[in-house]
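Colleague: Requesting a structural model of the entry that follows:
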Amino acid sequence: MVLALPGPVTAAPHPLAEGWEYRWGDSPLGPDGVPEWTRAEAPGDWQVIGFPSNPPNREGREQVWFRVPLPEGSWQEPVLYIYSVDIIVQVYLDGKQIYQYGTFDEQGRGRFEGWPWHAIPLPEDFANKTAYFRVFSDYTDIGLWGEVAVIGQSELVLFLLKESLNALIVGGVALLFALLALVFAPLQGDRKSLASLALFALAAAIMLVAESQASLLLLYQPLFWDYLAAGSYYMLPVALALMLAQWLSDHRPRLITLIWQCHLVYLVVALGLALTGLVDLSSTFPVFDALLLVSLLGMTLVLAQRYRDLSNEQQLLVIAFGLFAGLLIVDMAVAHGYLPWSRVPVSWGILAFLLAVVVISLKHYARTQRALKQLTVSLERKVAERTARAEALARREQARVRMLTFENEKNRVLGDIITGLQDCLSLAQAFGLLVQNLPDLCSPLRGALYRRRSGNLFDRLTLWGVEGERSSLPPRLDERTGVPLPSSVPSAAGLTDGESFDRAVTGHLCFWMNVESVDEGVVTEAVVLLERDGLFESEESGYGMARLFTALDQAIQRIGITLSSIALREELQKFSYEDALTGLKNRRYFDQLFEHQCAVAVRSQMPLSLLVVDIDHFKDFNDTHGHEAGDCALRAIAGVLHRQFRESDIVCRYGGEEFVVILPGAHTADARERAETLCRVAAKTPLLFEDKTLAPVTVSVGAASWPESCTSPEQLLTLADQALYRAKHDGRNRVWIHGGQAA
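Modeller: This next block holds a predicted model:
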């Protein structure tokens with residue numbers, strides 16, 4: 001059973017290989033603007049030509065016409081396919097222009113605009129009609145080039161993909177080779193050879209893809225692909241000469257070095273002039289082909305002279321190079337019309353050359369692996385010999401290692417302490433960690449840790465080594481001073497300076513834990529006292545009193561530096577969220593916390609209220625009593641706010657004389673009651689400034705509650721601010737609840 005797809009059957013492509021005629025010059029235009037030579041009855045000296053390319057007797061002429069009768073056949077969406085044109089063309093059928101590529105000026109001239117393939121749509125009744133081609137070219141070649149055929153539109157796409165398949169496959173393989181060479185170049189000793197191989201493979205891959213007809217199916221930008229093809233084509237001899245220079249580096253191939261340098265200069269100059277519009281890109285190809293031919297002959301001559309001096313691998317590369325160079329020369333001969341047109345398999349030459357390089361590279365890799373294996377065996381033998389000698393040395397060092405074990409263990413403990421301290425967010429948390437870990441650092445010595453309470457007074461945090469246990473119980477008090485005593489370790493509490501402390505700790509080791517503060521500078525935040533009993537000073541252990549004291553002192557200093565960073569970070573965090581004048585949280589803190597409280601209220605469906613508080617006539621107060629008195633008033637109101645609200649409420653200075661209070665879980669009635677209490681207390685709070693009692697200031701309060709006042713808690717600030725405006729408008733020293741409720 002045969003399954004047939006519906007639809008018309010597309011006829012095979014029909015090459016236009018017969019019936020071509022040409023004539024030199026350009027046709028005059030008729031009254032209707034149509035070239036006279038496109039009319040069947042127009043007189044003229046048309047001459048027969050086998051293919052519409054490079055007619056004889058050009059003699060510097062740049063305009064030529066061709067014509068050919070179109071065949072009969074059945075095609076779905078027929079098009080006239082042309083492989084390429086040098087350099088621009090117009091096509092006429094039945095006296096009408098049906099296609100144009102490029103721009104013709106009044107003299108019938110134009111600039112080079114690329115070498116694409118052309119698919120010229122044909123009308124349904126094109127059979128047995130004559131197609132006329134107007135061509136301009138200031139290039140070495142003129143006319144149509146390659147293949148000319150009538151073919152269906154869909155079949156053309158398949159035809160182009162089929163014809164480009166080899167180039168695309170080889171281009172992909174070349175690109176893979178380039179990537180592998182770039183990856184392995186840093187890992188190999190012969191980096192320059194792999195780099196030049198990567199350059200050649202990359203240039204070849206780009207050239208094959210750019211010159212393939214399938215490239216225009218991806219992006220119809222002929223000049224872009226032509227520039228890409230030209231750049232990669234011009235780069236090939238550079239990469240080839242670089243590779244040959246590496247192979248023949250022992251023979252100093254000056255000619256090959258000169259070749260790649262000349263081609264690199266030509267690549268830059270030619271593409272630069274073409275991109276700036278000073279020359280057409282097409283005009284750079286004949287010069288390059290001539291230079292390439294000379295270069296290939298020069299490289300071949302150098303290789304022939306040194307062929308016997310080369311290794312077998314290099315000779316194989318030379319043969320592959322010769323095959324590739326021969327295909328390049330044949331392709332140039334076809335391109336310039338010295339040979340009949342045919343598809344020259346340059347891609348296969350590139351593939352053969354790359355495969356030869358890869359085979360040799362793999363052979364080198366296998367050789368390197370064998371050498372590495374032999375080297376590994378030799379190294380293992382030497383390692384075994386040196387290991388035996390090292391074991392003897394190790395045995396002699398064991399005694400010294402035992403002496404250092406104690407010190408290393410203390411360094412490990414210190415490292416753990418420092419690591420733990422770096423994770424602490426506050427000094428309180430840091431000292432909690434020290435209480436747990438400092439005894440391990442000071443072991444086996446007995447001692448105590450004291451932290452500064454205020455001024456020069458210290459409190460004992462922990463005691464260790466007393467009757468073999470660590471203690472954090474309340475300390476025993478000194479009968480004379482009333483300060484704590486750590487068993488036999490004296491107390492630092494109640495002492496006012498380091499000198500008196502030193503006298504008190506006679507017979508003990510004392511270490512000061514200094515911490516740097518932004519406000520107070522360097523202060524002694526803690527003191528570590530250790531008993532001298534238990535120090536071992538034998539020569540075998542390597543520890544004397546001085547050495548142990550130095551090690552512990554350095555450890556305490558490191559801990560102090562880490563505590564300084566914690567203190568600075570803690571103070572910095574405090575400054576970023578605290579108002580310096582009033583001690584309340586600032587607006588930044590409010591903005592972050594208010595957003596969080598809104599989210600919590602919505603999630604838990606708990607009410608949320610907001611008060612906006614403003615000091616009445618604050619500007620007049622400042623003008624009357626001065627700004628320092630105004631600061632005193634701000635601190636007084638801040639104190640009232642701090643005392644009147646719960647710890648769960650959030651009081652912030654919003655800016656200037658304005659404050660905000662977040663009341664989580666408070667309904668409108670709760671907000672009203674607290675706001676009214678605030679107004680009454682503020683009005684009764686006296687202001688003491690410079691030993692003078694000033695009249696109290698009053699405040700106005702705007703309040704809003706969710707969900708009673710609004711649908712979204714984020715609206716509370718705006719609504720409370722509007723309520724504050726109403727409170728001020730109605731006479732100040734009062735509370736206004738959003739929604740029209742005054743208090």
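Colleague: Okay, buried residues for the helix or strand where Thr677 lies please.
Modeller: Applying DSSP states H and E as the criterion places Thr677 in helix 668-684. Going by neighbour count (16 or more other CB atoms under 10 Å), the buried part of helix 668-684 is 668, 671-672, 674-675, 678-679, 681-682. (Each C-beta comes from the backbone N, C-alpha and C, glycine too.)
Colleague: Make JSON lines from the residues you listed and add distance to Glu516 to it.
Modeller: Listed next are the buried residues of helix 668-684 as JSON lines, based on distance: CB to CB, whole Å:
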{"residue": "Thr668", "distance to Glu516": "50"}
{"residue": "Ala671", "distance to Glu516": "44"}
{"residue": "Arg672", "distance to Glu516": "49"}
{"residue": "Arg674", "distance to Glu516": "42"}
{"residue": "Ala675", "distance to Glu516": "44"}
{"residue": "Leu678", "distance to Glu516": "40"}
{"residue": "Cys679", "distance to Glu516": "45"}
{"residue": "Val681", "distance to Glu516": "41"}
{"residue": "Ala682", "distance to Glu516": "40"}
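Colleague: Can you lay out those residues as a markdown table showing pLDDT?
Modeller: Putting the buried residues of helix 668-684 into a markdown table (pLDDT from 0 to 100) gives the following:
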| residue | pLDDT |
| --- | --- |
| Thr668 | 90 |
| Ala671 | 90 |
| Arg672 | 91 |
| Arg674 | 91 |
| Ala675 | 91 |
| Leu678 | 91 |
| Cys679 | 92 |
| Val681 | 91 |
| Ala682 | 89 |
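Colleague: Return the closest of these with respect to Leu372.
Modeller: Checking those against Leu372 with CB to CB, the nearest one is Ala671 at 81.5 Å.
Colleague: Quick one: residues contacting that closest one.
Modeller: 609-611, 663, 703, 705, 737 (CB atoms under 8 Å, 6 or more residues apart in numbering).
Colleague: Please name the nearest non-neighbouring residue to it.
Modeller: Ser609 (3.8 Å; CB to CB, 6 or more residues apart in numbering).
Colleague: list the helices and strands the helix or strand hosting the one you found packs on?
Modeller: Per DSSP H and E, Ser609 falls inside strand 608-615. Packing partners of strand 608-615 (3 or more CB pairs under 8 Å, 6 or more residues apart in numbering; DSSP states H and E): helix 587-604, helix 627-644, strand 658-664, helix 668-684, strand 699-706, helix 716-729.
Colleague: Same list (these) but as JSON lines, adding distance to Gln213.
Modeller: Formatted as JSON lines, these follow (distance: least, CB to CB, whole Å):
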{"stretch": "helix 587-604", "distance to Gln213": "62"}
{"stretch": "helix 627-644", "distance to Gln213": "82"}
{"stretch": "strand 658-664", "distance to Gln213": "73"}
{"stretch": "helix 668-684", "distance to Gln213": "80"}
{"stretch": "strand 699-706", "distance to Gln213": "70"}
{"stretch": "helix 716-729", "distance to Gln213": "67"}
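Colleague: just how off-centre is the helix holding Thr677 within its chain?
Modeller: Counting by CA atoms, centre = their mean, to the nearest Å, helix 668-684 is centred 56 Å from the centre of its parent chain.
Colleague: Starting from the following helix or strand past it, tell me which strands it pairs with and how they run.
Modeller: Sequence-wise, the next helix or strand downstream of helix 668-684 (DSSP H and E) is strand 687-689. According to DSSP bridges, strand 687-689 forms sheet pairs with strand 692-694 (antiparallel).
Colleague: tell me which residues of the partner strand are tucked away?
Modeller: Those would be Leu694, for strand 692-694 by 16+ other CB under 10 Å.
Colleague: what sits up against it?
Modeller: 625, 629, 632-633, 686-688.
Colleague: Can you give the distance of it from its chain's centre?
Modeller: Relative to the chain's own centre, strand 692-694 is displaced by 64 Å; criterion: CA atoms, centre = their mean.
Colleague: now that strand: mean pLDDT?
Modeller: Average pLDDT, strand 692-694: 82.
Colleague: before we move on, the earlier item: tell me the most buried of the helices and strands packed on strand 608-615?
Modeller: Compared across the helices and strands packed on strand 608-615, strand 699-706 shows the largest average neighbour count, a mean of 27 (mean count of other CB atoms under 10 Å).
Colleague: quick one on the thing from earlier: out of the contacts of Ala671, which two sit at the greatest distance?
Modeller: Leu663 and Ile737 (12.7 Å).
Colleague: what comes up buried for whichever strand or helix holds Gln554?
Modeller: Per DSSP H and E, Gln554 falls inside helix 545-577. The neighbour-count criterion (16+ other CB under 10 Å) identifies 548, 551-552, 555-556, 559-560, 562-564, 566-567, 570, 577 as the buried residues of helix 545-577.
Colleague: before we move on, the earlier item: just the contacts of Ala671 now: which is nearest Arg451?
Modeller: Using CB to CB, those come closest to Arg451 at Leu663, 37.1 Å.
Colleague: follow-up on the earlier one: can you tell me how far the residue nearest to Ala671 is from Trp117?
Modeller: Distance of Ser609 to Trp117, computed by CB to CB, to the nearest Å: 78 Å.
Colleague: Pick out whichever of those two has more residues nearby.
Modeller: Taking neighbours as other CB atoms under 10 Å, Ser609 and Trp117 compare with Ser609 leading, 30 against 18.
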